[in-house]
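>>> Show me how the following folds:
(2 chains)
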Amino acid sequence: MNETPQQIGALPDPDRHPIVSLYHVSLKYGSRVALHDINLFIEPGEFVFMVGPSGAGKSTLMRLVYMEEFPTEGQVTVAGFVSTRMKRHRISHLRRKVGLIFQDFKLLEDRDVYENVAFPLYVTGANQSYIKKTVLDVISRVGLYAKRYSKPRELSGGEQQRVAIARALVNSPHVLLADEPTGNLDPEVTQEILKLLFKINIAGTAVIMATHDHELVRRFGHRIVHLEQGECVRDEGALRRPGRQQSVEPEPAPGRETGTD
Amino acid sequence: MFTNSQVHYLARESFNAFRRMKGMAIISTLIMSVALLMLSLFILVTLNLRDTAQSLRSEIEVNVFVKKDAAVESVQALRERLLEQPGIEAIAYVSKDDALAEFRQQLGPDSDLVDVLEENPMPASLRIRLEEPHRTSEKLHALATYLRDQPEVDEVRYGDTWVARLEEAIRVFTIVDLMVGAIVLLSALFVVSNTVRLTVLARQRTIEIMRLVGATNWFIRMPFFIEGAVQGAVAGGLALLVLWGAHRYAAQHVHPLRFYEPLQIATFVLVCAFVCATGSLSALRRFLRL
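Numbers count the residues shown, from 1 in each chain, chains lettered A, B, ... in the order given. Model prediction:
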């Protein structure tokens, strides 16, 4: 393998602003450290897997990105929103730029596919004709046009997750956060969902997907960030991306060095 | 604050909530209306008892019997003096003849007792009605003392033991009423706030998803506010409707009682709506992290 030493959380290309950046981020609950000194920069259109055993802090890191939680130290910046300067009422504006997918889908059981996907647009006050056009378009993209009037309980797990993905896409987010999106799905359906996420990524949306299953994701050649016990222990593939500077820029804070890949 | 489509959505959402969770909405509204029925029943009973107390107290009057030899002029002069006293509402002069006529009437048309009398035995008197705040035993006593010092006055009667007992009864009633009222009010609030909290809990998931897809807190609150207000108004109205039915029955078969006036009904329903609406907002606070 490549013997080049890697710096965890390499600084971004100066010409491109990262869509998500975590700068020396720590999160403590009382004395318990949930995340420790995380440096992570994700560029627009990037696809990043975040792997690690359960309890490593993947979901917590996700929550920092959609600002359900705020770091006790350091700073999180997402699509121009800065955690240290964030006002409560602005969180809803951030959420409209970030698509979210969860292991348990989080669909509204009493509404059909169309209504579920349209939900974020109702909430943000788009006009009716725009809603209809966009929702049907997104539902087609995830391949559920024929089932647009089905209720979630009439759908399989994979289909439900596709509804959730459609809902996450309907606001044309800059970044899609997927927290164990395939955790409840069988391997075949998992592949389908991954393919769909890749397709979305190719269309230009940055995707961060958390999973505990390293085997599942290692063969795709995408960037893989390893989390263990709240620390970022390895960042595979970050420096190999084309157009990246190979030099390690001097940083006042100690860059964490790891062994070879 | 909201765009057209948001307003459209909110209106639809608020009233669809009843449709979506019909059972839940009906049951919680019924529970609330039972609690509110207790409260409105209590208030109505209190109002009626107060009416009764009021009418009993309005019967309080002071009878001043004048001496037999007192001249009509001096009695008139006494009346004039009394009218200058504070708290006097009206003074009626009852002459000897008037008193006899009244007595005759009380005996009934068949009695010829009055006819055998050779001389009118009834004394002339002044009947004093007092203004509402002066109908207390203390003030009555003071007035009676003053009257007894007047030269024209033979006797003063105002039913002092009766007035004292009435006052004691009203005092005890007020204390008991306030205590029971506090309990009824607190339990009604408890039931309503818990019922409202249940309806909010039942939609925890919707709230969570709304937060995740970027709904503003106000947008999340709105349907709960509207729903709470509607539910409170319906529950309050239902309670009053049941109470009105019971009242009509009681008024026909037992005793004429008064019911709430339109303004009181409107106030009650509005207060119910307001309490439920603010209750559901405060139940939401937990989920919105405010």
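
>>> Could you use CA atoms for every contact and neighbour count after this?
Fine.

>>> List phi and psi for the residue of the stretch 101-250 of chain B found nearest chain A.
Residue of the stretch 101-250 of chain B nearest chain A, by Cα to the nearest Cα: B:Gly214 (4.1 Å). Phi and psi for B:Gly214, reported as degrees, to the nearest 10, are phi 100, psi 30.

>>> Could you tell me how many residues sit around it?
25 (other Cα atoms under 10 Å in any protein chain shown).

>>> Kindly state the pLDDT recorded for it?
Looking at B:Gly214, its pLDDT is 89.

>>> Hmm, it is touching A:His93, no?
Yes. In this structure, B:Gly214 is within contact of A:His93 by Cα atoms under 8 Å, at 6.1 Å.

>>> Quick check, central residue of the chain?
Using chain A here. Centroid-nearest residue in chain A: A:Leu177, 2.3 Å away (criterion: Cα atoms, centre = their mean).

>>> if you could check chain B rather than the one you did, that'd help
Central residue of chain B (Cα atoms, centre = their mean): B:Leu47, at 2.8 Å.

>>> In terms of helices and strands, where is that residue?
In the assignment (DSSP states H and E), B:Leu47 maps to helix B:22-58.

>>> What sits closest to the residue of chain A found nearest chain B if chain neighbours are left out?
Residue of chain A nearest chain B, by Cα to the nearest Cα: A:Ser92 (4.1 Å). Closest residue to A:Ser92 apart from its sequence neighbours, by Cα to Cα, 6 or more residues apart in numbering or on different chains: B:Gly214 at 4.1 Å.

>>> From A:Arg96, how far out is the one you found?
Remark: distance between B:Gly214 and A:Arg96 (Cα to Cα, to the nearest Å) = 5 Å.

>>> Overlap in contacts, those two.
A:Pro120 (Cα atoms under 8 Å, 6 or more residues apart in numbering or on different chains).

>>> So A:Ala178: helix, strand or coil?
What DSSP: H, G, I helix; E, B strand; the rest coil gives for A:Ala178 is strand.

>>> neighbours of it, just the number please.
24.

>>> The one 4 residues further on too?
Per other Cα under 10 Å, the neighbour tally for A:Thr182 reads 27.

>>> Let me know the pLDDT of the residue of the stretch 1-150 of chain B at minimum distance from chain A.
For the stretch 1-150 of chain B, the nearest residue to chain A under the criterion Cα to the nearest Cα is B:Gln6, separated by 4.8 Å. Looking at B:Gln6, its pLDDT is 80.

>>> One more: B:Arg57?
For B:Arg57, the model assigns a pLDDT of 82.

>>> do the same with A:Asp15
57.

>>> before we move on, what about B:Phe18?
65.

>>> So in the chain, which helix runs the longest?
The chain I'm using is chain A. Scanning chain A for the helix with the most residues, using DSSP state H, yields helix A:187-202.

>>> should've been chain B
Chain B, longest helix under DSSP H: helix B:160-201.

>>> Alpha carbons only: can I get the longest helix of chain A in CSV?
Output in CSV follows, covering the C-alpha atoms of helix A:187-202 (Å, rounded to 0.1, in the frame of the first residue of the first chain):
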residue,chain,number,x,y,z
PRO,A,187,-27.4,-7.2,1.9
GLU,A,188,-29.2,-7.1,-1.5
VAL,A,189,-31.2,-4.1,-0.6
THR,A,190,-28.2,-2.5,1.1
GLN,A,191,-26.4,-2.6,-2.3
GLU,A,192,-29.4,-0.9,-3.9
ILE,A,193,-29.4,1.9,-1.4
LEU,A,194,-25.6,2.4,-1.8
LYS,A,195,-26.0,2.6,-5.5
LEU,A,196,-28.7,5.2,-5.1
LEU,A,197,-26.5,7.2,-2.8
PHE,A,198,-23.6,7.0,-5.3
LYS,A,199,-26.0,8.2,-8.0
ILE,A,200,-27.0,11.1,-5.8
ASN,A,201,-23.3,11.9,-5.2
ILE,A,202,-22.5,11.9,-8.8
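
>>> Provide a list of residues in contact with A:His174.
A:Ile19, A:Pro44, A:Ala79, A:Lys97, A:Val98, A:Gly99, A:Thr205, A:Ala206.

>>> let's see it at 10 Å
A:19-20, A:44-45, A:78-79, A:96-99, A:204-207 (Cα atoms under 10 Å, 6 or more residues apart in numbering or on different chains).

>>> Looking at these, which is nearest B:Leu130?
A:Arg96 (73.2 Å; Cα to Cα).
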